[in-house]
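>>> Provided below for reference: sequence and predicted model.
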Amino acid sequence: MDRLIVKLQKAGYSADESVIENVSFTVEAGELVGLIGENGAGKSTTIKAILGQLSWMEGEITLRSKDNAYGYVPERPVFYDELTVWEQIEYSGVMREIPNWKERAMELVKTFRVEKFIHQLPQSLSKGTQQKIMLILALLPSPELLIIDEPFIGLDPRATKLLLQMMDVERSKGTGILMCTHVLDTAEKLCDKFILLSKGTMFTQGTLVDLQTKCRLPGGSLLDCFDYLIDEDLHHGLG
Amino acid sequence: MAWVEYIRRNKREVKFQLSAFGLVIDWTVFLYIVVPAIIALGVIDFQLWQAPPAWTSFTNVSLLGMILFFAFQFSPVRTYIERADELFVIQNLKYYQTLIQAGKWYTVLKTSLETALLILYILPIFKVGYQLSAPFVTIIYFYVFIWSLFIKLASRWFLLRGLRWWYRAFAIMAFIVYSTGFYSIFGPYIIFICTTVFILAMLVFLLKEENCPVRFFHAEAERERNEKWKWAAIFMRQSGEIEGIQRVRKYPFLNKNSRAIFSERSPEKVMTEMYWKWHIRKGRQLKLYLYFLFISFNGMTIIPSKVKFIVFLFILFAGYKIQEGIWKTFISHPFTRNLGAITEKEIIIAKAKKRSLTATWLVPLAAIALWAYWN
């Protein structure tokens, strides 16, 4: 069952300036999809389009999760600097009308080992701890769709391991995950499918085996395939 | 050459500040708030010439002089030193010294004009209300001018040296000495003369060329950057434009346990509570609003009763607009937007807004209305 269907023809910040074009893919239940691309390829813009935060868009985004709810972890932690961590968790839980949000929050707080920080202001926490809080907020509603932008930046090895375990648990529950990342070796091990973006367009998608076949690089790594396809796309563009 | 550079930087700064104000003052704000405010100020001044305000009959002129002290807090010394000056400018000591001196002398000129405008505006209070003669008004102008200049130069001196607490103590002491001196304009003269001579001596010290201003280059550049972005930062709240070393508070003031305000935790009440907490803990924003209320209270005290109602309507409107702007900043914060479904809950948001603004706008403005009526 599809959790997310993306059919974007054009999207951007104004009608005469599209940033991304022809991006179409799906995220199925229990599937982990990697959104891969160079800097400025349009990964974050694609995520913004999915979240409905772009001012202009031609195309269709379909969320098929309970109450259209999703969990989102942005690239950089975003908080109200003046509210404590617990106040933000409560705000998120109550406003999204999550049943038993308090129990769920306490469980996640324990899992990520941030009990001693919950009454602090987010600015006083390290980047990694802030990222953990963002993950707690995203996982709080037990979403059927999780969108994660660059999840590994700033996380210590234990937290990274914990995140990977959490993602496995969520997938086993049927949560579809869309993950945008630069860390290709980790993505290669984790993702079921890859969406490759370049210069605002999706130039290919598929499993690692599909990409290896396209590149004629059997056994090649995701990085090798990515490099090959980007170069090929560039040459086609120039030709 | 340094003077030419100073003037060039000054023009650039004026353009920058105009564009910052342009962010909030579009033609509607200009038409509905700025123009009526200017007309109201003109009308008030005209009324003051016709009949002195009633409070001049039972308040001493020294009290008015004390209030003038607070006008010194605005428009500080600007040297327009930038961080980039580290590359070339500070290598030429003479050029750098002249740039700093230009800033000081420009402040002398600016302060003299600002003080003249202020005294001219309240001239009817002195002439008609307190029946003061022209020489007395001139002495008051001179006294206010030298103090205004002294406070500006001294605050720069303290802040460049990182003597924040000393500066605070100095500001309190300065207020006491200034008030004593102002009171003694009308006798005993010896105190007035001593105070004035002392301030003039201090001005000579503060205005003279500094031998080694480069020592304070980084503090100067930081101070200038803060001054440059002061208004823009207020207007572009949470824009993240200003990066700098800021004291990071670990816990909110007087609330180390995320203590709740409402016992009932419905979405409407939680949203209201978070807004109040966010609003109160956001110091710069709260300061701006408290300034607005302070000025409004004072406005309702001194303006003639004939125009009081019209001015109050503007205060009411402006207060609402400020509060609505703050509410919009809260509700359109990326944190809330990232939660998705919240922004669609219009009824809850509308109820929370009503409850929030009742406390932050309606209650203070009702207090101002009562105060105006009582006066």
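Arrived safely, thanks for sending. Predicted, not measured: the structure shown is a model, and the values here were computed from it. Numbers count the residues shown, from 1 in each chain, chains lettered A, B, ... in the order given.
>>> Show me the shaky parts of the stretch 101-250 of chain B.
Regions of the stretch 101-250 of chain B meeting the criterion pLDDT under 70 cover residues B:236-247.
>>> Could you tell me the phi and psi values at the most centrally placed residue in chain B?
For chain B, the residue nearest the mean C-alpha position is B:F74 (5.5 Å; CA atoms, centre = their mean). Torsion angles at B:F74 (phi, psi; degrees, to the nearest 10) stand at phi -90, psi 170.
>>> do A:K7 as well
Backbone dihedrals for A:K7, given as degrees, to the nearest 10, come out at phi -130, psi 80.
>>> ok, now which ones touch the residue of the stretch 51-200 of chain B found nearest chain A?
The minimum distance from the stretch 51-200 of chain B to chain A, using CB to the nearest CB, falls at B:R164 (21.1 Å). Where you see a C-beta, it was placed from the backbone N, CA and C, and this is true even at glycine. When contacts are counted by CB atoms under 8 Å, 6 or more residues apart in numbering or on different chains, B:R164 touches B:F158.
>>> Surely A:M134 and A:P77 touch.
Yes - A:M134 is in contact with A:P77 according to CB atoms under 8 Å; the separation is 5.0 Å.
>>> Of the two, give the one with the bigger neighbour count.
A:M134 (26 against 20; other CB atoms under 10 Å in any protein chain shown).
>>> Pull the number of nearby residues for A:R104.
By other CB under 10 Å, the residues close to A:R104 number 18.
>>> Please identify the helix or strand for it.
helix A:101-111 (DSSP states H and E).
>>> From the rest of the structure, what touches that helix?
Helix A:101-111 is contacted from outside by A:89-90, A:92-94, A:98, A:115, A:118, A:135-136, A:139-140, A:142, A:162, A:166, using CB under 8 Å, 6+ apart.
>>> Next secondary structure after it?
As assigned by DSSP H and E, the chain's next helix or strand after helix A:101-111 is helix A:127-139.
>>> does chain B sit close to stretch A:62-75?
Yes - Stretch A:62-75 is in contact with chain B by CB under 8 Å from any CB of the partner chain, via A:D67, A:N68, A:A69, A:Y70, A:Y72, A:P74.
>>> what mean pLDDT would you report for that stretch?
Stretch A:62-75 carries an average pLDDT of 83.
>>> Span of stretch A:61-69 from start to end?
With CA to CA, to the nearest Å applied, stretch A:61-69 spans 14 Å between its terminal residues.
>>> Which parts of that stretch count as buried, going by neighbours?
A:L63, A:R64, A:S65, A:A69 (16 or more other CB atoms under 10 Å in any protein chain shown).
>>> next one: stretch B:52-70
Across stretch B:52-70, burial judged by 16+ other CB under 10 Å covers B:P52, B:P53, B:T56, B:V61, B:L64, B:G65, B:L68, B:F69.
>>> on that earlier part again, just the buried ones from the contacts of helix A:101-111, in ChimeraX syntax?
For the buried members of the contacts of helix A:101-111, the matching ChimeraX selection, counting by 16+ other CB under 10 Å, is:
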select /A:89,90,92,93,94,98,118,135,136,139,140,142,162,166
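>>> In contact with the spatially most central residue of chain A, which residues are there?
Residue closest to the average C-alpha location in chain A (CA atoms, centre = their mean): A:I148, at 2.3 Å. With contact set as CB under 8 Å, 6+ apart, A:I148 has these partners: A:Y72, A:V73, A:A138, A:I177, A:L178, A:M179, A:C180.
>>> Would you map the helices across the stretch 151-300 of chain B?
For the stretch 151-300 of chain B, the helices defined by DSSP state H, counting those that start in this stretch occupy B:164-183, B:189-207, B:217-235, B:267-281, B:283-302.
>>> most tightly surrounded among those?
helix B:267-281 (a mean of 21; mean count of other CB atoms under 10 Å in any protein chain shown).
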